[in-house]
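Colleague: test case, fold it:
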Amino acid sequence: EASPSGASFWWNERVFYQIFVRSFYDSDGNGVGDFQGLIQKLDYLNDGNPDTSTDLGITGIWLMPIMPSPSEHGYDVTDYYAVNPDYGTVEDFRQFIDAAHDRGIAVIIDLVVNHTSEQHPWFVASRDGDPQYADYYVWSATDPGFRGPGNQTVWHRKGNRYAYGVFTGFMPDLNYTNPAVTAEMYAIASYWLDEMNIDGFRVDAVKYIVEEGRALENT
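Modeller: Okay, the predicted model is just below:
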């Protein structure tokens, strides 16, 4: 991929290593991988010394979802401004970012913007009729009946209404026709870039973010 000037983007020049934190390295023996485990294994990934040959020499890390979530995989976020406590603390994460940067490794994280967890406070408020969050998700008084691109159910009964969710009923889609939702996501992205000092994002489920009627992907 080339930029408008014809030059490569910075990520094109790096070798990325994708990590599912939960299963990568457990530093405290509780059976769950964590940020301190990532730090302990950085010298294996890239020790920062080009004269050594004992590391893999990677120059980028892509972390799969690291935010709080009720699921093992983490793709249903309940708080976009925190880290999963299974993986450690915000301070542990900051230490990891600093240690990676010290070795010349850029770090990107999965940003799940298409949907949230049904346990996210936004959805709970939207479901319960809070006017501030009423249009954060896509609701229908009746079941529209149409199915998803994989012939899956996309309208899920929540009380006496139906919420749209292209993946599952516990991951309702956000409504990007609402400018407040877009503003929320810009603020979240800025937080991780500016406050947490990450280098970028892998944005999950891009092709599903905007629906146009019954066209549910690649609109």
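Colleague: partners of the lengthiest strand in the chain, with directions?
Modeller: The longest strand of the chain (DSSP state E) is strand 106-112. Strand 106-112 sits in its sheet next to strand 60-63 (parallel), strand 200-204 (parallel), going by DSSP bridges.
Colleague: test my guess that residue 135 contacts residue 176.
Modeller: No - using CB atoms under 8 Å, residue 135 makes no contact with residue 176, being 10.6 Å away. All C-beta atoms are positioned from the backbone trio N, CA, C, and that covers glycine.
Colleague: what about the helices in this structure?
Modeller: Per DSSP state H, the chain carries helices over the ranges 21-24, 35-40, 42-45, 90-102, 121-127, 179-190.
Colleague: TSV for those helices, including distance to residue 3 and mean neighbour count?
Modeller: Listed next are the helices of the chain as TSV, based on distance: least, CB to CB, whole Å; neighbours: other CB atoms under 10 Å:
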stretch	distance to residue 3	mean neighbour count
helix 21-24	31	18
helix 35-40	30	21
helix 42-45	27	16
helix 90-102	23	17
helix 121-127	34	19
helix 179-190	19	13
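Colleague: ok, which of those helices comes nearest residue 70?
Modeller: Between residue 70 and the helices of the chain, the shortest separation by CB to CB is 12.3 Å, and it involves helix 121-127.
Colleague: what average pLDDT does that closest one get?
Modeller: Mean pLDDT, helix 121-127: 98.
Colleague: run through who's touching that helix.
Modeller: Outside helix 121-127, the residues that touch it by CB atoms under 8 Å, 6 or more residues apart in numbering are 78, 116-118, 132-137, 139, 158-159, 163, 172.
Colleague: closest one to residue 47 out of those, please.
Modeller: Once CB to CB is applied, the member of those that ends up nearest residue 47 is residue 78, at 35.8 Å.
Colleague: ok, residue 13 - how many residues close by?
Modeller: 11 (other CB atoms under 10 Å).
Colleague: now it. Nearest residue, chain neighbours left out?
Modeller: residue 59 (7.8 Å; CB to CB, 6 or more residues apart in numbering).
Colleague: contacting residues for that neighbour?
Modeller: Taking CB under 8 Å, 6+ apart as the test, what residue 59 contacts is 13-16, 46, 104-106.
Colleague: pLDDT value on residue 1, please?
Modeller: 71.
Colleague: quick check: closest non-adjacent residue to residue 12.
Modeller: Going by CB to CB, 6+ apart, residue 12 has residue 1 as its nearest residue, at 6.0 Å.
Colleague: same question for residue 153.
Modeller: residue 147 (6.4 Å).
Colleague: just residue 135 next, same as before
Modeller: residue 178 (4.6 Å).
Colleague: quick one, what contacts the residue nearest to residue 108 when sequence neighbours are not counted?
Modeller: Closest residue in space to residue 108, ignoring its immediate chain neighbours: residue 200 at 4.4 Å, by CB to CB, 6+ apart. Counting by CB under 8 Å, 6+ apart, residue 200 makes contact with 11, 106, 108, 193.
Colleague: ok, the third one to residue 63 distance?
Modeller: What it means is residue 108. 7 Å (CB to CB, to the nearest Å).
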